[in-house]
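Student: Need a 3D model of the sequence below.
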Amino acid sequence: MVSDRALWRGWREATEEALYGPDGFFVREHPAGHFRTSVHASPLFAGAVAELLARVDEALGRPDELAVVDVGAGRGELLAGVLGAVPRELGARLRLRAVERAERPEDLDERIEWLRELPEPESVTGLLFANEWLDDVPVDVAEWDASGTPRTVLVAPDGSERLGAQVTGADAAWLRRWWPPEPPVDPLAGEPGSSGDPGLGAGINGPRDAALAVEADAESGEARDAAPSPVAGLRAEVGRPRDAAWARAVRCLARGLAVAVDYGHTRTARPPFGSLTGFRDGREVQPVPDGSCDITAHVALDACASAGAEAVPGGARDPVLLPQGHALRALGVAGGRPPLALASSDPAAYVRALSSAGEAAELTDPAGLGAFTWLIQPMGLAPEFLTAAGLARAATGRPG
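Tutor: Okay, here's the model as predicted:
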């Protein structure tokens, strides 16, 4: 007989097994077959990372060994691209390490080391880069019930949900600090209520209407005479595991730069119903924790930034949050159309330049891949490094 405990678990536990268990999605599947990242969209992205690496190298005084750590490396595509884009002299000094739970690809360049865990603390001098890693760090989901109490959402293997116990302890403290519930505003009435766009920020599920809370009350025999709380049905992904993961990554650096790139949000603009969703075969699908799809949610990047800054007191400088478009343009990725005169003088070069411009436009488009945010965390670099690199403008305010 299958126990109730085996059927109903928090999303964090269920997702951990579904993605990273013995036959988990990321252990078994090739990520590029299910979703397209900036790395897969264009070699310009790896070229921009190579340019960033060169600037970090110069700021560090060109050490004999310069490390590049790719966290959540997939099949090593980014490191392979960086290796092909850097000058030969710099390439000879690189130590490239991919961190990924899946098995090492057979055709990966032998110069790239393959790790299952992050390097040891303070063992890296160079660049740590995490592209779309934090969104796949599993998290629990909280939903505010009819009384306005945050409760853990439990999920069954088929994706069915119900409300569990009240969120308490460190997770409750995280919600209070980073994701307090705020009723969406009706754009017509100008008052808290249902959002004018029911799907806003809600991922594949759409908004909740406290139905789970009503079911939970019915099961427990509790009766509610008062009107439901205005925050009933709102949801949040409890980002504490992601904060801890990013803090561990930052601690790997002795000197250098840590960068996380992800779809994200800050406290001033959280999605009111969360953003948990699934991806399979290039399409967004209902998140089901059975290993058949990726399960992801946007990242509270301001919380991660704060955790990274606090991870190494006195060592890490203030982090910066930048739109991907701003970061890539600062690193030389431009989407301008090539001059028409080139079409006459060198047609092949014109076609190549036109293709490159199209790829650059895709990477920087704020309605597409340009909607990613870069979290940039210097460690032991001169205060003027980010300004000199064109990476100093905070796009969404300082993390709190």
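Student: contacting residues around T387?
Tutor: Counting by CB atoms under 8 Å, 6 or more residues apart in numbering, T387 touches no other residue. From N, CA and C alone the C-beta is placed, and that goes for glycine too.
Student: Just say helix, strand or coil for it.
Tutor: Here T387 takes the helix state, with states given by DSSP: H, G, I helix; E, B strand; the rest coil.
Student: Not counting sequence-adjacent ones, nearest residue to M379?
Tutor: The shortest distance from M379 to any non-neighbouring residue, by CB to CB, 6 or more residues apart in numbering, is to L253 (4.2 Å).
Student: contacting residues around the one you found?
Tutor: Contact analysis of L253 by CB under 8 Å, 6+ apart lists 122, 124-125, 128, 312, 379-380.
Student: just those now: which is nearest D23?
Tutor: L128 (29.4 Å; CB to CB).
Student: Make sure I have this right: that closest one is in a strand.
Tutor: Yes - counting by three-state DSSP, L128 falls inside a strand.
Student: just checking, R97 touches V68?
Tutor: Yes - between R97 and V68 a contact is recorded at 7.2 Å, counting by CB atoms under 8 Å.
Student: Next one: R101, what pLDDT does it get?
Tutor: Note on R101: pLDDT of 89.
Student: three-state assignment of it?
Tutor: For R101, the assignment made with three-state DSSP gives coil.
Student: Dihedrals phi and psi, the nearest residue to it once chain neighbours are set aside?
Tutor: Distances taken as CB to CB, 6+ apart place Y20 nearest to R101, at 5.4 Å, with adjacent residues excluded. The phi/psi pair for Y20 (degrees, to the nearest 10) reads phi -120, psi 10.
Student: now the closest residue to G274 other than its chain neighbours, which residues is it bridged with?
Tutor: Once flanking residues are discounted, G274 sits nearest to R235: 3.8 Å by CB to CB, 6+ apart. Following DSSP bridges, R235 is listed with bridge partners E143, F273.
Student: go on, A98?
Tutor: D70, W114.
Student: And it, what's its pLDDT?
Tutor: pLDDT, read off for A98, is 97.
Student: give me every residue that touches it.
Tutor: Going by CB under 8 Å, 6+ apart, A98 touches 70, 73, 76, 79, 104, 108, 112-115.
Student: switch the cut-off to 10 Å
Tutor: With contacts defined as CB atoms under 10 Å, 6 or more residues apart in numbering, A98 is in contact with 68-80, 104-105, 108, 112-115.
Student: what does D135 give?
Tutor: Residues in contact with D135, defined by CB under 10 Å, 6+ apart, are 72, 237, 242, 260-264, 275, 294-299.
Student: again, 7 Å this time
Tutor: 262-263, 296-299 (CB atoms under 7 Å, 6 or more residues apart in numbering).
Student: Count the neighbours of the closest residue to G84 other than its chain neighbours for me.
Tutor: Excluding its sequence neighbours, the residue lying closest to G84 (CB to CB, 6+ apart) is A46, at 7.5 Å. Residues near A46, counting by other CB atoms under 10 Å, number 21.
Student: where does A46 land in three-state SS?
Tutor: Going by three-state DSSP: A46 is helix.
Student: The nearest residue to F385 once chain neighbours are set aside and G256: what is the separation?
Tutor: Nearest residue to F385, sequence neighbours excluded (CB to CB, 6+ apart): A59, at 5.1 Å. As defined by CB to CB, to the nearest Å, A59 lies at a distance of 9 Å from G256.
Student: Which one's more surrounded, the two?
Tutor: A count of neighbours by other CB under 10 Å puts G256 above the other of A59 and G256, at 26 against 20.
Student: Is it correct that that one falls within a helix?
Tutor: No - according to three-state DSSP, G256 belongs to no helix; its state is strand.
Student: pLDDT wise, what is it at?
Tutor: Predicted confidence (pLDDT) for G256: 96.
Student: Give the bridge partners for it, please.
Tutor: Beta-bridge partners of G256, counted by DSSP bridges, are G126, M379.
Student: That one reaches G126, doesn't it?
Tutor: Yes - G256 is within contact range of G126, at 4.8 Å (criterion: CB atoms under 7 Å).
Student: which element is G278 on?
Tutor: Using DSSP states H and E, G278 maps to strand 277-280.
Student: Direction included, what does that strand pair against?
Tutor: Strand 277-280 has the following sheet partners, assigned by DSSP bridges: strand 283-285 (antiparallel), strand 294-296 (antiparallel).
Student: Lowest average pLDDT across those strands?
Tutor: Sorting the strands paired with strand 277-280 by mean pLDDT places strand 283-285 lowest, at a mean of 90.
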